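Trainee: quick one: sequence plus predicted model below, questions after.
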Amino acid sequence: MTESPQPTSHCAIRQYANGQFSALEDTVIAEARVELVVNDNELRMAMLCLPRQLPELAVGFLRGEGALRSRDELDSVDIDPSGPAILVRGRFDPDALDAIRRRWTWGTGCGGGGTSAQLNPEAYQPVALGLTVGAEAVIGLARSFQGTMDLWKNTGGVHACSLASASELIVVAEDVGRHNALDKVVGRAVLDELDTSDKIMLTTGRLSAEMVSKAVAARVPIVVGRGAVTALAIGLARKFGLTLVGFARAGRFNVYTGFQRISG
């Protein structure tokens, strides 16, 4: 399967508003079921996703789960159009692959990183301390990020994620699941051998524990979300020294952990 040039489709609907029905056409996301096949069936699982940036999705997922720790461990990523399937080959942590089999839940944007008790200590380490960014820079990045969400504006049916420096967005991805969107930007960073230790991650989704665990595995020190932050996410962020920012919209945000990285 080639990556879809048209991630949306159209559907005839009847809309109720102002006390009456109207016949309209709505734009909806073209979600697809794609299989991830690791090392010729060492791991095989299904993902529901927006069918583009598929190599990034697979690589980022394996990175976020602690199975892939560096670009050097990755041998190849191919797309089989008959499946459709993403075929990944490399030298992956067998314990992490086994954990994926036990933990994975099929469905849109489900699954992902585990809790602190489940994280592989070799793959999940405290993030680097060096990066600091000004509060107004965070506001500016959040504003630029919102301007990239074309599919969200057209359908309201996706999440977006971006990897940024302190001054500009570098990688942006959208998907039906917030975990998938995050995996895609991490996967792009791995494939491009991009240093993530001085980068900021922005996401439209709720910042839950699995989102934080993926950021920790990717070595990203600051995560900024438009949505809420969960208590377990805060605990994980504190444990690994990550700066967690929530409700970043309309010129404001809340810093929950790692206050030293955000300057006034």
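Mentor: The structure has been received and is ready for your questions.
Trainee: from here on, contacts and neighbour counts on C-alpha atoms
Mentor: Will do.
Trainee: can you give me the strands for the stretch 151-264 of the chain?
Mentor: Counting by DSSP state E, counting those that start in this stretch, the stretch 151-264 of the chain has these strands, from start to end: 159-164, 169-175, 200-203, 222-225, 243-249, 252-257, 262-263.
Trainee: using CSV, write out every CA atom in stretch 237-255.
Mentor: The C-alpha trace of stretch 237-255 is given here as CSV (Å, rounded to 0.1, in the frame of the first residue of the first chain):
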residue,chain,number,x,y,z
ALA,A,237,7.3,12.7,34.4
ARG,A,238,8.7,13.4,37.9
LYS,A,239,10.4,10.0,38.0
PHE,A,240,12.3,10.5,34.8
GLY,A,241,12.9,14.3,35.0
LEU,A,242,10.6,15.3,32.2
THR,A,243,8.9,18.7,32.0
LEU,A,244,5.1,18.3,31.5
VAL,A,245,3.0,21.2,30.3
GLY,A,246,-0.8,20.9,29.9
PHE,A,247,-3.7,23.1,28.7
ALA,A,248,-1.4,25.0,26.3
ARG,A,249,-3.9,27.1,24.4
ALA,A,250,-5.3,30.6,24.1
GLY,A,251,-2.0,32.2,25.3
ARG,A,252,-1.7,30.2,28.6
PHE,A,253,-0.5,26.9,29.9
ASN,A,254,0.1,24.9,33.2
VAL,A,255,3.5,23.4,34.1
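Trainee: which SS class is residue 14?
Mentor: Secondary structure state of residue 14, per DSSP: H, G, I helix; E, B strand; the rest coil, is strand.
Trainee: contacting residues around it?
Mentor: Contacts for residue 14 (CA atoms under 8 Å, 6 or more residues apart in numbering) come out as 21, 22, 23, 24.
Trainee: so how far is residue 35 from the residue nearest to residue 203 when sequence neighbours are not counted?
Mentor: Nearest in space to residue 203, with sequence neighbours left out and distances taken as CA to CA, 6 or more residues apart in numbering, is residue 161 at 4.4 Å. Look at residue 161 and residue 35: by CA to CA, to the nearest Å, they are 22 Å apart.
Trainee: ok, these two, which is more surrounded?
Mentor: Ranked by neighbour count (other CA atoms under 10 Å), residue 161 and residue 35 place residue 161 first, with 29 against 19.
Trainee: and the more buried one, how far from residue 264?
Mentor: Separation of residue 161 from residue 264 (CA to CA): 25 Å.
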